[in-house]
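my questions are about this predicted structure, shown below with the sequence.
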Amino acid sequence: MSYQDVYASWKSDPEGFWMEAAKAIDWDQAPSRALSDLGGGLYEWFADGMVNTCYNAVDRHVENGRGEQTAIIYDSPITHTKREISFVELRNRVATLAGALRAKGVEKGDRVIIYMPMIPEALEAMLACARIGAVHSVVFGGFAANELAVRIDDATPKAIIAASCGLEPGRVVHYKPLLDGAIDLATHKPDFCVVFQREQEVAELVEGRDVNWHGFQYGVEPVDCVPVEGNHPAYILYTSGTTGQPKGVIRHTGGQLVALNWSMKNIYNVDPGDVFWAASDVGWVVGHSYICYGPLIHGNTTIVFEGKPVGTPDAGTFWRVISEHNVKSFFTAPTAFRAVKREDPKGEFVGKYDLSCLKQVYLAGERADPDTITWAQDQLKVPVVDHWWQTETGWSIAANPLGIEELPTKLGSPAVPMPGYEVDILDEGGNPMPAGELGAIAVKLPLPPGTLPNLWNAEERFKKSYLTTFPGYYETGDAGMKDEDGYLYIMARTDDVINVAGHRLSTGGMEEVLASHPDVAECAVIGVSDQLKGQMPVGFLCLNAGTNRPGEEIVSEVVKLVREKIGPVAAFKLAVVVDRLPKTRSGKILRGTMVNIADGTPYKMPATIDDPAILDEIKDALQSIGYAKG
């Protein structure tokens, strides 16, 4: 079947389509229907089915004769450790951990916060919660104490599972003091904390509250999987909260199982037994969907990687891991590829490894600029697929579905909507825009299985954030357009569309032009306040390693380029060369904070920032061109 056939079959019978997809999941009690309309824009999928995530991700593969297949490959260039865990070993470890949690009083519906680095035990903790019907909330390891405290008070966990430390190249991140600080700050107190002691740093345990990961499992009976309702929350994942109180996105169990399983073959083109690697972190949505749940549910081997794209030890790390572990499908963020490209623009490291196992690469997390995609295609000689989704949706809104058919690639586009998503481009009044015109991207309700049905204990906020602006639609918060073939172009967050003398312009479009300059490794464009025109664009350029031309020469060349490609209407005249851009730990550029610095307006230090010192560098660069005076 072609993509068009598959999409049409969903559109003509959405419920039939998803009921068919649901047959690939092992239900304790099959759902009687796919969709429940609760009214007011709220929907649930497979609500009356009974099912268990851990059973589908682990036990059923053992029972179906795949117990000796490797479930998890752990590869940590930071600790020089590699190990493999089979499905049967994973089942035994998870069943014992789940038994130990239950013996200390954790039951179905209780919340458990997980605060761990990229080690297999993080996945084991997630699966152990799923096994007994507890609702986990993974918080990115190393988040500041006050950020963790906010999440403790919102989720009110019975238990917290943490590691003694995390590891970054050249430094140890002390998790336990952060955890202790967070519990001191939080109003809600967990009954107990489980601490996995890493040899790099053994943490002090608080008597009466903290238990040792290994010790508290000693002599415990393993437990079986507890069936839960299809609409039972599998987890809460807090959006990064760069703007105010983080939102607790919830994921229902039945819909997540069906959607993620469907996506593994149809989008990522892997069969059970193939090795799939998402180079992300369990603290982010990619880690939930495509390090832990998606691959394991589908019977794939997943990789838990503790390292960086460059510096652990060099720009060839990705290629080593792919070659060594026989990775078929690889998923990372464009920012990771830009880091590799900046260090190794000619791809000399690529040639050192046999990458014949690699069949496709997927990019997501932010816009994949055409320059990065072209570089990756040239180096790797496989399809490089930009696909677009969000923490809220849990899986792709738009993609090139290689497991159905490979559609033509259009640079700058994550291709076409997946079944379940009817995507429209709307003007401010909610009217559909013609092809090629920039507007707000919105998805017709109901959203498909696996997407957020609500926010944790915040229904009004859910409606206000996502359903109010365009009635009958889910508001994505992204701006973009569709072409005459139905391909989507995600140009910027709605907040990043700037208004220059009445013209709505996408910063993403300008960044695309800047990134096409041969000396530019990475860039960002923001809109700064301007008395005459309302806003003016300012560009930030990070140059390739080994570039020794004067920065002002490159700036004048990119200014000319934008004028040629976008036109004088962009009023693009200012750019500065910087060493690095301020980013969240997941690699998103903090454009809003840069705007505040430029305009001299007060701002709160983003909780998710990777390195606060970068903001001073940005301020200095902006002052050199007459901004950031405040």
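Yep, that arrived.

what segments of the stretch 151-300 of the chain are helices?
Ranges of helices in the stretch 151-300 of the chain, per DSSP state H, counting those that start in this stretch, are 175-185, 253-266, 285-286, 294-297.

low-confidence regions, the stretch 451-600 of the chain specifically.
Low-confidence segments of the stretch 451-600 of the chain, defined by pLDDT under 70: 495, 501-502, 504.

now the helices of the stretch 151-300 of the chain in a markdown table, with distance to L622?
Where you see a C-beta, it was placed from the backbone N, CA and C, and this is true even at glycine. Below are the helices of the stretch 151-300 of the chain laid out as a markdown table (distance: least, CB to CB, whole Å):
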| stretch | distance to L622 |
| --- | --- |
| helix 175-185 | 32 |
| helix 253-266 | 42 |
| helix 285-286 | 32 |
| helix 294-297 | 41 |
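
which residue ranges of the stretch 101-250 of the chain form strands?
Using DSSP state E, counting those that start in this stretch, the strands of the stretch 101-250 of the chain run over residues 111-115, 135-138, 159-163, 165-168, 171-174, 192-196, 210-212, 228-229, 233-238, 248-252.

same question but for the stretch 301-450 of the chain, I mixed them up
301-305, 327-332, 360-363, 384-386, 398-399, 416-417, 423-426, 439-444.

ditto for the stretch 501-630 of the chain
Taking DSSP E, counting those that start in this stretch as the test, the strands found in the stretch 501-630 of the chain are 503-506, 520-530, 534-543, 574-577.

list the buried ones in the third one?
For strand 534-543, the buried set under the neighbour-count rule, 16 or more other CB atoms under 10 Å, comprises 535-543.

picking up where we left off before, can I get the strands of the stretch 501-630 of the chain in CSV including distance to D13?
What follows is those, written out as CSV (distance: least, CB to CB, whole Å):
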stretch, distance to D13
strand 503-506, 36
strand 520-530, 44
strand 534-543, 46
strand 574-577, 52
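
out of those strands, which is closest to E306?
Closest to E306 of the strands of the stretch 501-630 of the chain, according to CB to CB: strand 520-530, at 23.9 Å.

which other residues reach the closest one?
Strand 520-530 has contacts (CB atoms under 8 Å, 6 or more residues apart in numbering) with 335, 338, 341-342, 345, 496, 498-500, 507, 510-511, 514-515, 535-545, 554, 558, 572, 581, 589, 591, 594-595, 598-599, 627.

kindly report the same for stretch 17-35.
Stretch 17-35 is contacted by residues 9-10, 14-16, 43-52, 55-56, 60, 227, 230, 254, 257-259, 261-262, 297, 419-420, 446, 448-449 when judged by CB under 8 Å, 6+ apart.

which strands or helices does the worst-scoring helix or strand of the chain on mean pLDDT pack on?
When the helices and strands of the chain are compared on mean pLDDT, DSSP states H and E, strand 503-506 comes out lowest with a mean of 72. Packing partners of strand 503-506 (3 or more CB pairs under 8 Å, 6 or more residues apart in numbering; DSSP states H and E): strand 497-500.

count of residues packed around K352?
12 (other CB atoms under 10 Å).

re earlier: just put the strands of the stretch 301-450 of the chain in JSON lines and tack on mean neighbour count, mean pLDDT and distance to P117.
Converted to JSON lines, those look like this (neighbours: other CB atoms under 10 Å; pLDDT from 0 to 100; distance: least, CB to CB, whole Å):
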{"stretch": "strand 301-305", "mean neighbour count": "25", "mean pLDDT": "98", "distance to P117": "10"}
{"stretch": "strand 327-332", "mean neighbour count": "24", "mean pLDDT": "97", "distance to P117": "18"}
{"stretch": "strand 360-363", "mean neighbour count": "24", "mean pLDDT": "97", "distance to P117": "24"}
{"stretch": "strand 384-386", "mean neighbour count": "26", "mean pLDDT": "96", "distance to P117": "28"}
{"stretch": "strand 398-399", "mean neighbour count": "26", "mean pLDDT": "98", "distance to P117": "29"}
{"stretch": "strand 416-417", "mean neighbour count": "22", "mean pLDDT": "98", "distance to P117": "35"}
{"stretch": "strand 423-426", "mean neighbour count": "20", "mean pLDDT": "96", "distance to P117": "36"}
{"stretch": "strand 439-444", "mean neighbour count": "22", "mean pLDDT": "96", "distance to P117": "34"}
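
reformat these into TSV and put distance to W456 next to each item.
What follows is the strands of the stretch 301-450 of the chain, written out as TSV (distance: least, CB to CB, whole Å):
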stretch	distance to W456
strand 301-305	26
strand 327-332	27
strand 360-363	29
strand 384-386	30
strand 398-399	27
strand 416-417	27
strand 423-426	26
strand 439-444	21
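
of all those, which lies closest to C165?
Across these, closest to C165 is strand 301-305 (CB to CB), at 16.5 Å.

can you dump the C-alpha coordinates of that closest one into PDB?
C-alpha atoms of strand 301-305 as PDB (Å, rounded to 0.1, in the frame of the first residue of the first chain):
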ATOM      1  CA  THR A 301      16.900  -3.900  20.600                       C
ATOM      2  CA  THR A 302      17.300  -0.400  22.000                       C
ATOM      3  CA  ILE A 303      20.500   1.400  22.900                       C
ATOM      4  CA  VAL A 304      21.100   3.400  26.100                       C
ATOM      5  CA  PHE A 305      24.000   5.700  25.300                       C
END
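
which residues touch it?
69-76, 118-120, 122-123, 273-279, 290-292, 295-296, 321, 325, 327.

pLDDT weak spots in the stretch 151-300 of the chain?
Across the stretch 151-300 of the chain, the ranges flagged by pLDDT under 70 are 240-244.

doesn't Y175 make contact with A145?
No - the pair A145 and Y175 fails to qualify as a contact (CB atoms under 8 Å) at a distance of 10.4 Å.

out of the two, which sits in the more crowded spot?
Neighbour totals were compared for A145 and Y175, and Y175 leads with 25 against 17 (other CB under 10 Å).

mind naming the longest helix for this protein?
Assignment by DSSP state H gives helix 87-103 as the longest helix of the chain.

mean confidence (pLDDT) on that helix, please.
Across helix 87-103, pLDDT averages out at 98.

what angle sits between that helix and strand 301-305?
70 degrees (axes from the mean of the first three to the mean of the last three CA atoms, to 10 degrees).

helices and strands around helix 87-103, which ones?
strand 70-76, helix 120-132.

give me the buried entries from the contacts of strand 520-530.
335, 338, 341-342, 345, 496, 498, 500, 507, 510-511, 514-515, 535-544, 554, 558, 572, 581, 589, 591, 594-595, 598-599, 627.

which residues does N231 contact?
N231 sits in contact with 36, 44-47, 252-254, 453, where contact means CB under 8 Å, 6+ apart.

was I right about G430 contacting F470?
Yes - with contacts counted by CB under 8 Å, G430 reaches F470, the gap being 4.7 Å.

higher neighbour count, the two?
The residue with more neighbours, out of G430 and F470, is F470; 21 against 16, by other CB under 10 Å.

residues contacting Y421?
For Y421, the contact set (CB under 8 Å, 6+ apart) comprises 397-398, 443, 447-448.
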